[in-house]
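> fold the following and give me the result.
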Amino acid sequence: DGTTTATGKLDLTDVDVNDKHTWTLGNGGKGEYGTLTVDNKGNWTYTLNNDSDKVQALKQGETATDKITVTVDDGHGGTATQTIVITITGTNDAAVITGNGAGTVKEDDTLTTGGKLNVTDKDAGEAVFNAQTNVKGEHGTFSIDKDGNWKYDLNNSDPKVQALGV
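Reported below is the predicted structural model:
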């Protein structure tokens, strides 16, 4: 969700100044989290696959590494290999809540309502509700369990509730 590219330059030294060098990438430049490209001068660019579930599952501050090997060949049997190491740092992805989030209560009649909410979060292990019991509101109490089942109990003895008109 932040920076999705990294760049650098690989330098080569060859006493045979007339050799034509070619660069190749291990696994075609594909890493676990993104891809690497390199041009004929050794300039490389790593592009994070930010749409990947694996990338999005990283929690805020959690790190992972991508390692991709680059080999340069002088065309005469001389090669050199370097590993590019990219550190990926996770960011917080907002949770999304869906489900039945509305209910109706009625003075002196229907004093309780409830429903079921669902939560999804791209960050691994963070799609949970913070269970709370009997949280006092202006006219009643609210409870929700870890699975998203919620309940509201109207305080029927509240003078403001009893003062509601028909």
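
> any idea of the pLDDT on the residue at minimal distance from the centre of the chain?
Central residue of the chain (CA atoms, centre = their mean): Q56, 3.0 Å from the mean position. You'll see Q56 listed with a pLDDT of 90.

> separation between it and G115?
With distances taken as CB to CB, to the nearest Å, Q56 is found 28 Å from G115. For the C-beta atoms, the positions are set from N, CA and C on the backbone; glycine is no exception.

> check V72 too.
62 Å.

> neighbour count for the two, which is higher?
Between V72 and G115, counted using other CB atoms under 10 Å, V72 has the larger neighbour count: 20 against 15.

> now do the contacts for that one.
L10, L12, H21, T22, W23, G42, T79, A80, T81 (CB atoms under 8 Å, 6 or more residues apart in numbering).

> before we move on, what about F142?
Q132, N134, V135, W150, K151, Y152.

> mind doing that once more with 6 Å?
V135, Y152 (CB atoms under 6 Å, 6 or more residues apart in numbering).

> cool, K151 as well?
G114, S143.

> that older thread, is it true that the residue nearest to the centre of the chain touches K122?
Yes - using CB atoms under 6 Å, Q56 is in contact with K122, at 3.9 Å.

> okay, and the common contacts of those two?
With CB under 6 Å, 6+ apart, Q56 and K122 have no common neighbours.

> kindly report the domain assignment for the protein.
For the chain, automatic domain parsing gives the domain ranges 5-89, 96-162.

> over to the nearest residue to N134 once chain neighbours are set aside: give its phi and psi.
The spatial neighbour of N134 that comes closest, neighbours along the chain excluded (CB to CB, 6 or more residues apart in numbering), is T141 at 4.5 Å. Per-residue torsions, T141: phi -130, psi 150 (degrees, to the nearest 10).

> what bridges to T141?
K136, D153 (DSSP bridges).
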